[in-house]
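> Below is the sequence, then the predicted model.
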Amino acid sequence: QVQLVESGGGLEQPGGSLRLSCAASGLPFKSLLMSWYRQAPGKGRELVAFLTSMWGTKTYADSVRTRFTIFKDDDKNTLSLQMNDLKPEDTAVYYCHARDGTTDYWGQGTQVTVSS
């Protein structure tokens, strides 16, 4: 059974930091293309960052490039997103995504709220 389970969301003040984690099971973790997406209220889902399996290339949305870092631990089958210098516009539900060949898998999402 394939599962992607996110954790680490919550309420943070502007300028603060949060780390999101995604525990993957039932998938060949080392060969996956893995990503973080987010969806703010009233908006569509947008790609935040992705990490390729072969070369470990990291790509970020312009809005988070200097503040967020995507990384993974192949031994623990975990994908993470370190988010620094959070802004109110980062408020959204964050989703872990994995692609195995042509099949997409999604986590249930974790809420991140940035507010003073």
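Cool, the structure landed. Residues are numbered from 1 along each chain as shown.
> Can you give me the neighbour number for Pro14?
Counted with other C-beta atoms under 10 Å, residues neighbouring Pro14 total 13. Quick note: C-beta positions are derived from backbone N, CA and C, even for glycine.
> what's the spacing between it and Thr113?
11 Å (C-beta to C-beta, to the nearest Å).
> Same question for Arg99.
From Arg99 over to Thr113 the distance is 28 Å, taken as C-beta to C-beta.
> What of Thr69?
20 Å.
> How about the contacts made by the residue sitting nearest the centre point of the chain?
Relative to the mean C-alpha position of the chain, the nearest C-alpha, by C-alpha atoms, centre = their mean, is the one of Trp36, at 2.9 Å. Trp36 makes contact with 20, 22, 47-50, 70, 79, 81, 94-97 under the criterion C-beta atoms under 8 Å, 6 or more residues apart in numbering.
> Which strand or helix spans it?
strand 33-39 (DSSP states H and E).
> got the buried residues for that strand?
Taking 16 or more other C-beta atoms under 10 Å as the basis for neighbour counts, the residues of strand 33-39 that come out buried are 33-38.
> List the first helix or strand encountered after that strand toward the C-terminus.
With DSSP H and E setting the assignment, the helix or strand that follows strand 33-39 is strand 45-51.
> And the helix or strand that that next one is followed by, how far out from the chain middle?
Per DSSP H and E, strand 45-51 leads on to strand 58-60 as the next helix or strand towards the C-terminus. Centre-to-centre, strand 58-60 and its host chain are 11 Å apart (C-alpha atoms, centre = their mean, to the nearest Å).
> How about stretch 64-75?
On the basis of C-alpha atoms, centre = their mean, the separation between the geometric centre of stretch 64-75 and that of its chain is 8 Å.
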